[in-house]
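Peer 1: with the input below, show me the fold.
(2 chains)
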Amino acid sequence: MMEPIRDAAAARGLPITVCGIDMVFGGRGTPVQALAAVSLEIAAGSFCSILGPSGCGKSTLMMLVAGLYRPTEGHIAIGGKRLDGCYTDAGIVFQTDVLLPWLSVLDNVLMPARVKRLDMAWARSRAGDLLGQVGLSGFEARYPGELSGGMRQRVAICRALLSDPPILLMDEPFGALDALTREKMQTDLNRIWADDVKTVMLITHDIEEAVLLSDEVIVMSPRPGRILQRFPIALSQPRSPEIRRNPAFHHIVDEIRDLFRATGVL
Amino acid sequence: MAQRQAPSDLTAAASARAGRRRLSIVGQLWDGLLIAGAFVGLIVLWQIATTAFAIPSYILPSPLEIIAAIAGDWLRLLQNALVTFGEAAAGFAISIVVGIPLGVLIIYSKWLQRILYPLLVASQSIPKVALAPIFVVWFGFGPLPKVLIAFSIAFFAIVVNTVVGLSRTPPEMIHLMRSLGARPMQIFFRVRVPMAMPYIFAGIKISAAFSVVGAIVGEFIAASSGLGYLQLVADNNFQIPLLFGILVLLSVMGAVLYYIVVLIEWIALPPPLRSTDTGQGHGTL
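Peer 2: I've put the predicted structure just below:
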């Protein structure tokens, strides 16, 4: 596995270890195996994408890392500590923004601080900074219903980053956005991450998005989800949108596409 | 570069939205005026029609005759209206006090959800109006059976809307709260209850109107006071304008209860949660 091309001392965040995970959903019907023998390691401060077709259990994997599901077999460790229950220090972004519609933009961003009883003066100034970074200064008093989908998702990202979490988990955060907004948000996310490095686990089914943003792309098979192959992305960080013109970028995208074709996904 | 463009785009989008909102306030006023105009027009038309076609007042009294009937009997009307209002308000209050907690219990208890809730829904096929004579047999001729009938008609809308509202929280929102270390009580009060508010208030508004229906039905069966009772008396005495006058008072009563709820909603809830703005609500009579 390659090292991210950055000053190691600047790297923050915690490593994520996924060790021999099997996940079977029971219920009353026939059990469904979502994940089979999944093991992976995400280095502290690196950006890792989990790429796979829909229904491959990649969202389940994120829920397991967040400690919101318990694995049938195997374990998860964050920063070397085994998870037992919810991991409460992660920032999470879902495909839908899940903002609370009755709270202003600012209060939505501050929500984690209220639940966790953080110092509010500090939280306020950080919320202001974060909103500024995503171009939402001046929108603090608006309700989410007054914003566009892309703006709401930016607010959701600010909320996830508020408590300065050591790991950031994102489940198809740009999946519901139009193509142009998505491209803009990808650039913004890369910049935010490069400014203040955390461990990021991004769940996506968008090959180019995964390659564009990640230090490493982990490709998964259809159900039951297994790791097919890992692709270290040796392009320098931070990445500008111009990287889409780089032949090396396309080489990796094509390689992953070929892999999907070989396994019948495409 | 794209970064520098963004804020102006965003501002444009937001001001367009704000503009639409301002327009909608003007639009609401305009709609209100139109409705009031149509209402007044209808009454004028009614007055003209009754005079022009010489419709006898025992078939359809004119609006002026109805007003005269109300004015001529105002004290008796007021006294009886207060009786009915008291019964309806009591039935309405009990509906809220029983309906909301019952909805919460149904959401949080698998057993209640699987056994009580289907029974409750099935019970709605009973025309509750037909329960009135039974309630009189059980609870006598006082205000109690009227309050109970009002309650039995009004509370279901609150239960259903509470259940629907509380189940509207997206699972991701609950996951997010749990991942922040929120306790179940925090999730309930910070997320699920506010999320359910538009539905609960919609249910309360439906139940406000239904509770008046319940009180009247109770008075039809057996009573010695109240507007329902007075309607029977007026009917027997062939005082048709008075009958219509009582109808007017009953409409006013339903509207008063309804707008009290609207007022509380406006004071208590931020705009995105007001059911008036979100248009929620389910009810059956």
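Peer 1: any idea how far residue A:211 is from residue A:253?
Peer 2: Counting by C-beta to C-beta, to the nearest Å, the separation of residue A:253 from residue A:211 is 5 Å. (Each C-beta comes from the backbone N, C-alpha and C, glycine too.)
Peer 1: neighbour count winner among those two?
Peer 2: residue A:211 (25 against 18; other C-beta atoms under 10 Å in any protein chain shown).
Peer 1: I'd like the next helix or strand past whichever strand or helix holds the more buried one.
Peer 2: Using DSSP states H and E, residue A:211 sits within helix A:207-213. As assigned by DSSP H and E, the chain's next helix or strand after helix A:207-213 is strand A:216-220.
Peer 1: quick one: average pLDDT of the helix holding residue A:211?
Peer 2: Averaged across helix A:207-213, pLDDT comes to 95.
Peer 1: tell me what that helix is packed against?
Peer 2: Counting contacts by 3 or more C-beta pairs under 8 Å, 6 or more residues apart in numbering or on different chains; DSSP states H and E, helix A:207-213 packs against strand A:47-51, helix A:179-195, strand A:199-204, helix A:247-262.
Peer 1: how about the nearest residue to the residue in chain A that chain B sits nearest to, chain neighbours excluded?
Peer 2: Chain A approaches chain B most closely through residue A:88 (3.7 Å), counting by C-beta to the nearest C-beta. Among residues not flanking residue A:88 along the chain, residue B:181 sits closest, at 3.7 Å (C-beta to C-beta, 6 or more residues apart in numbering or on different chains).
Peer 1: residue A:163 versus the one you found, what's the distance?
Peer 2: From residue B:181 over to residue A:163 the distance is 10 Å, taken as C-beta to C-beta.
Peer 1: how close does residue A:262 get to residue B:136?
Peer 2: Residue A:262 is 79 Å from residue B:136, by C-beta to C-beta.
Peer 1: got the domain ranges for chain B?
Peer 2: For chain B, automatic domain parsing gives the domain ranges B:1-54, B:58-278.
Peer 1: mind listing what's buried in whatever helix or strand residue A:19 lives in?
Peer 2: According to DSSP H and E, residue A:19 maps onto strand A:16-25. By neighbour count with 16 or more other C-beta atoms under 10 Å in any protein chain shown, strand A:16-25 contains the buried residues A:16, A:17, A:18, A:21, A:23.
Peer 1: report how many residues lie close to the residue of chain B found nearest chain A.
Peer 2: Residue nearest to chain A within chain B: residue B:181 (3.7 Å; C-beta to the nearest C-beta). Per other C-beta under 10 Å, the neighbour tally for residue B:181 reads 16.
Peer 1: so it is in contact with residue A:114, correct?
Peer 2: No: if you go by C-beta atoms under 8 Å, residue B:181 and residue A:114 don't touch, sitting 11.7 Å apart.
Peer 1: and chain A, which of its residues are near chain B?
Peer 2: Neighbours of chain B within chain A, by C-beta under 8 Å from any C-beta of the partner chain: A:63, A:66-68, A:86-88, A:90, A:92, A:94, A:96, A:98, A:100-102, A:111-112, A:115-116, A:135-139, A:142-148, A:151, A:184, A:187-188, A:191, A:241.
Peer 1: put the alpha carbons of the helix holding residue A:211 into PDB.
Peer 2: Extracted C-alpha coordinates of helix A:207-213, given in PDB (Å, rounded to 0.1, in the frame of the first residue of the first chain):
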ATOM      1  CA  ILE A 207     -15.600   5.300 -10.600                       C
ATOM      2  CA  GLU A 208     -14.300   8.800 -11.600                       C
ATOM      3  CA  GLU A 209     -15.300  10.300  -8.300                       C
ATOM      4  CA  ALA A 210     -13.500   7.600  -6.400                       C
ATOM      5  CA  VAL A 211     -10.300   8.000  -8.500                       C
ATOM      6  CA  LEU A 212     -10.500  11.800  -8.500                       C
ATOM      7  CA  LEU A 213     -10.600  12.000  -4.700                       C
END
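Peer 1: pull the residues that contact that helix.
Peer 2: By C-beta atoms under 8 Å, 6 or more residues apart in numbering or on different chains, the residues outside helix A:207-213 that reach it are A:47, A:49, A:51, A:174, A:182, A:186, A:189-190, A:193, A:202, A:204, A:217, A:231, A:233, A:239, A:243-244, A:249, A:252-253, A:256-257, A:260.
Peer 1: contact partners of stretch A:108-121?
Peer 2: A:88, A:99-100, A:103, A:123-124, A:127, A:130-131, A:144, A:155, A:158-159, A:162-163, B:177, B:180-182, B:186, B:190.
Peer 1: out of those residues, which are buried?
Peer 2: Burial of these was assessed by neighbour count (16+ other C-beta under 10 Å); the buried members are A:88, A:99-100, A:103, A:123, A:127, A:130-131, A:144, A:155, A:158-159, A:162-163, B:177, B:180-182, B:190.
Peer 1: can you report how many residues lie near the residue nearest to residue A:155 when sequence neighbours are not counted?
Peer 2: Of all residues not flanking residue A:155 in the chain, residue A:105 sits nearest, at 5.3 Å (C-beta to C-beta, 6+ apart). The tally of other residues near residue A:105 (other C-beta under 10 Å) stands at 26.
Peer 1: please name the residues that touch residue A:105.
Peer 2: Applying C-beta under 8 Å, 6+ apart, the residues near residue A:105 are A:131, A:136, A:139, A:140, A:141, A:142, A:143, A:144, A:147, A:155.
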